[in-house]
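**Q** next one to model:
(2 chains)
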Amino acid sequence: MLEFPTWKKVWLWGITLAAIVAALPSLFNIANVRWPDSLPDPQVNLGLDLAGGSHILLEADTSQVASQRLQNMEDAVRSALRSAEPRIRVGDVSTRDGRLSFMVESPADVDRAREEILPLVNGSGLVREWNLEVVDQTRFVLTPTSAGSETALNSAMDSARDIIDRRVNSLGTREPTIIRQGENRIVVQVPGLDDPDEVKELVGKTAKLEFKLVDPEFQQDLPNETAGEVTKVGTQVVPYAKGTPQEGFSVVVRRLGGIQGDSLIDAKAGNDPQDNSPVVNITFDAQGGSRFAKLSAENVNRRFAIILDGEVISAPNFNEPIYGGQAQISGNFTTESAIALAIQLQSGALPVDLEIVEERTVGPDLGADSIKKGLIAIMIGLFAVIALMIATYGRFGLYATYALILNVGMLFGIMAIGNTTLTLPGLAGFVITIGAAVDANVLINERIAEERRRGRRVVAAVETGYKEASRAIYDANVTNFIAGVLLFLFGSGPVRGFAVVLIIGLFTSVFTAVTLTRMWVAGWLRKARPNELVI
Amino acid sequence: MRLLKLVPDNTNLKFLKWRMPFYVVSIILIALSWGLVITKGLNYGVDFAGGLEIRASFAEGEPAPVAELRERVAQLGYGEPVVQQFGAENQVSIRVRLPAEAEGDNEAAQRIANDIVSEISSNHEDFQLDGNDNVSGKVSGEFWNTAIWALVAAMVAISIYIWVRFEWQFGVGALFALFHDVSLTLGLFALFQLEFSLQIVAAILAIIGYSLNDTIVVYDRIRENLKKYRKMAMPELLDLSVNETLARTVMTSLTLFVALIPLVLFGPESLFGLSAAITFGLFVGTYSSVYMAAPILIWLGVTSNSFVPDESATDKQDRLARGEV
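**A** Residues are numbered from 1 along each chain as shown, chains lettered A, B, ... in the order given. Coordinates of the predicted model:
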């Protein structure tokens, strides 16, 4: 038990020093001293509750992905059958109950229709995305498979994440984190932010831009109440956005044949040359530009609606054909909202609406204050524990003190190597670790004293003390560990940071408080050969 | 060299003599705690209640105008706000429930927050916004479910571990001690209406993990003594074990308290609830390891044979073959 060959000592010191050295870059960073670039640079990250910043949890409406997918399938089927030679006519189209069903008017067309639809159904990947059935001879029923729906949601979420990433990065803030969570959530974390509202404005909007022709029959805006009664096939009623002069009115537009915002290559905020009001200037890509030119040329003196996220921003006239693929969106913008819209359009529309389900913001001053107060409390606690241990156990308390100080250093170093995040509750984790780490020394020292009282000789008492105490130390650490793991599983963000400190602290505590002190005690026994222990 | 000896050697305090009154007191305290939790309720923060919480501070050294803020925010028409001092006297948290139609509306919560902030800041120049939380009903419901799940799982998992390492009676004793510690901590939060948040659940999980440390030391000694003194009566043996480990119980708890109390007193305001909960929970945990976890073993029928393995058939044959009784 008390044999420590040189190679073992080298190993133990090596591990200890390596972990402590790993803590240095973070400590330099906190002290605002430059760490040489040429050296490895493991860092403990500061959580948002310490660094200040915003945490935003976004959730996608999964049913919207499904209905959008159904809508796309309907459009695809319609256009495939329309462009078949000769055209296949269908009727009684419905997308109820999450299925697309329609009837082919002539039974003779059923086989041809099936051939047209099959490529759409199978999708591009390995999984079959839709089930196709033909019932009652002429009724086609397309049901999305669960694998297909899952793939669709997954890819929608992936691209939503990428788009949010582009939007947040366009703010130029440092190191935002944007990750997916679960099947339909995205976490956005932006540290050290001056204006958290700016981020929310950017991520909370879908920014789906559409240009749609106003139906020729309904060139006038309709009040919302009467607009609801329009049921003309192939049209849809879109209300004006809040804050526009025409709020309370709606526009009847053609559902198909418009241009989508994804054919933009550029969007910039600017000012209208005439009245200097904020506008967004957009540039279409080649294809979108020529479609826009064609649309405008065919519909001179008719109105078209600029629709953002299902609300009309404005519905101007095509006064003349617009060539060159450039257009200007004017609405009721402020400079900030024009800039936000430009960023959103540039990064693309979200494939699904995202809702902010949780948002937490901490001011940077509060975080800095927390760190300061936390460090002061940790230092006082550390000194109090040290004083208590040395006063009670003398030399053995001194060993416990060395172990405790190395423990704190190793804990910080391992956190840096693991690139973990220190959060506000994590500071409390340090305090608990400091208070609990010396428990092992208390158990060992008390046991040694007890063995001495029973008349064991010094070396035997120390050996028995370490051996007999280790059982309870082990059990206590396992229960602590169980709680730590559940804390980790339960918690998000700050609480997880607490769990990380506690769990790593358990390992470093056992290493320093048991293994290292045993090495030191053994060395002292060998050298001093005491006949008596003051403990 | 040794300056301090808090517990003399070879104490012989009759802990077990007083077990009945202490049990009655403990059960009354547990019942009172749950009574408070049920009647007064816990003061749920936005983590569990959902809604909007704004944290702000005013000029240092002066108490924040809590009553005035409550009135000001109330007249904005977003329902009755909860305005509380937290940490320092110049810091407040203001909580409002979001109206049902604001749920899922990304801008509504923002608008309400801006309304409140501008209402206050236009009347108080020293107003400083420290942060805000906005949690939807859906997410707060999930937090609640995972919190309950984690608390129950931690208590059960740890008790099972104790059962496996010792005997089932010790597992039950540990579970009972944990239930005691958690109940009293909840009772404290109900009594003083301290904000109950995710951090407090984290604190209770930490209590569950760390309050058993001294229980384990006592249990370990009980097991050792059960093997050593096969003839000793249980109450006597438990007293011996508690006395033998008393210095350990006192010291391990004391080191935690001297580390934690500075955090409660001088630590960041936003950690007050967590550090107060842990300090209190570990304090009652020290008591429960002596007065709940140990005496319960008598009722559960732990005897000196609990750690003697059952004799196997072959052993019995060998014994009889050797002519022993």
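
**Q** quick one: is stretch A:406-421 near chain B?
**A** No - judged by Cβ under 8 Å from any Cβ of the partner chain, stretch A:406-421 makes no contact with chain B; its nearest approach is 11.4 Å. For glycine as for every other residue, the C-beta is placed from the backbone atoms N, C-alpha and C.

**Q** and the pLDDT at residue B:104?
**A** Residue B:104 carries a pLDDT score of 64 in this model.

**Q** oops, could you answer that again for residue B:172 instead?
**A** pLDDT at residue B:172 comes out at 94.

**Q** the one 5 residues further on now?
**A** Taken from the predicted model, the pLDDT recorded for residue B:177 is 94.

**Q** so how far is chain A from it?
**A** 12 Å (Cβ to the nearest Cβ, to the nearest Å).

**Q** so how far is residue B:113 from residue B:44?
**A** The gap separating residue B:44 from residue B:113 is 19 Å, by Cβ to Cβ, to the nearest Å.

**Q** hmm, I typed the wrong one, I wanted residue B:296.
**A** For residue B:296, the distance to residue B:113 - Cβ to Cβ - is 51 Å.

**Q** helix or strand: which one has residue B:319?
**A** Here residue B:319, judged by DSSP states H and E, is contained in helix B:313-321.

**Q** whoops, residue B:123 was the one
**A** Going by DSSP H and E, residue B:123 is not in any helix or strand.

**Q** likewise for residue A:132?
**A** strand A:130-135.

**Q** residue A:211 falls within a helix, correct?
**A** No - counting by DSSP: H, G, I helix; E, B strand; the rest coil, residue A:211 is not part of a helix but strand.

**Q** residues in contact with it?
**A** By Cβ atoms under 8 Å, 6 or more residues apart in numbering or on different chains, the residues touching residue A:211 are A:258-259, A:292, A:295, A:304-307.

**Q** by proximity to chain A, which residue of chain B wins?
**A** residue B:209 (2.4 Å; Cβ to the nearest Cβ).

**Q** helices or strands up against the strand holding residue A:132?
**A** With contacts taken as 3 or more Cβ pairs under 8 Å, 6 or more residues apart in numbering or on different chains; DSSP states H and E, strand A:130-135 sits against helix A:110-122, strand A:139-144.

**Q** for residue A:358, identify the helix or strand it belongs to.
**A** Counting by DSSP H and E, residue A:358 is found in strand A:354-362.

**Q** excluding covalently adjacent residues, which one is nearest to the residue of the stretch 351-500 of chain A found nearest chain B?
**A** In the stretch 351-500 of chain A, the residue that lies nearest chain B is residue A:483 (2.4 Å; Cβ to the nearest Cβ). Leaving aside its sequence neighbours, residue A:483 sits nearest to residue B:209 (Cβ to Cβ, 6 or more residues apart in numbering or on different chains; 2.4 Å).

**Q** can you give me the strands in the stretch 101-250 of chain A?
**A** A:130-135, A:139-144, A:177-181, A:185-191, A:209-213, A:222-223, A:235-239, A:249-254 (DSSP state E, counting those that start in this stretch).

**Q** how about these in TSV, adding mean pLDDT?
**A** As requested, those are exported to TSV (pLDDT from 0 to 100):
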stretch	mean pLDDT
strand A:130-135	86
strand A:139-144	90
strand A:177-181	91
strand A:185-191	90
strand A:209-213	87
strand A:222-223	86
strand A:235-239	88
strand A:249-254	90
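
**Q** all helices for the stretch 51-200 of chain B, in order.
**A** Remark: helices assigned in the stretch 51-200 of chain B by DSSP state H, counting those that start in this stretch are B:66-74, B:106-121, B:137-165, B:168-191, B:198-210.

**Q** by mean pLDDT, show me the worst of the ones you listed.
**A** Taking the mean pLDDT of those, helix B:106-121 comes last: a mean of 82.

**Q** show me which residues of the helix or strand of chain A with the lowest mean pLDDT are buried.
**A** Scoring the helices and strands of chain A by mean pLDDT, DSSP states H and E places helix A:196-203 at the bottom, with a mean of 80. Buried residues in helix A:196-203, defined by neighbour count with 16 or more other Cβ atoms under 10 Å in any protein chain shown: A:196, A:198-203.

**Q** same question, stretch A:104-114
**A** Judged by neighbour count using 16+ other Cβ under 10 Å, the buried positions of stretch A:104-114 are A:104, A:109-110, A:112-113.

**Q** need the max-distance pair from these.
**A** A:104 and A:112 (8.7 Å; Cβ to Cβ).

**Q** what's the overlap in contacts for the two?
**A** Between them, residue A:104 and residue A:112 share these contacting residues under Cβ under 8 Å, 6+ apart: residue A:88.

**Q** isn't residue A:333 right up against residue A:280?
**A** Yes - applying Cβ atoms under 8 Å, one finds residue A:333 in contact with residue A:280, separated by 7.2 Å.

**Q** overlap in contacts, those two.
**A** residue A:341.

**Q** which of the two has more residues huddled nearby?
**A** residue A:280 (27 against 22; other Cβ atoms under 10 Å in any protein chain shown).

**Q** quick one: residues contacting that one.
**A** By Cβ under 8 Å, 6+ apart, the neighbours of residue A:280 are A:267-270, A:328-329, A:333, A:338, A:341-342, A:345.
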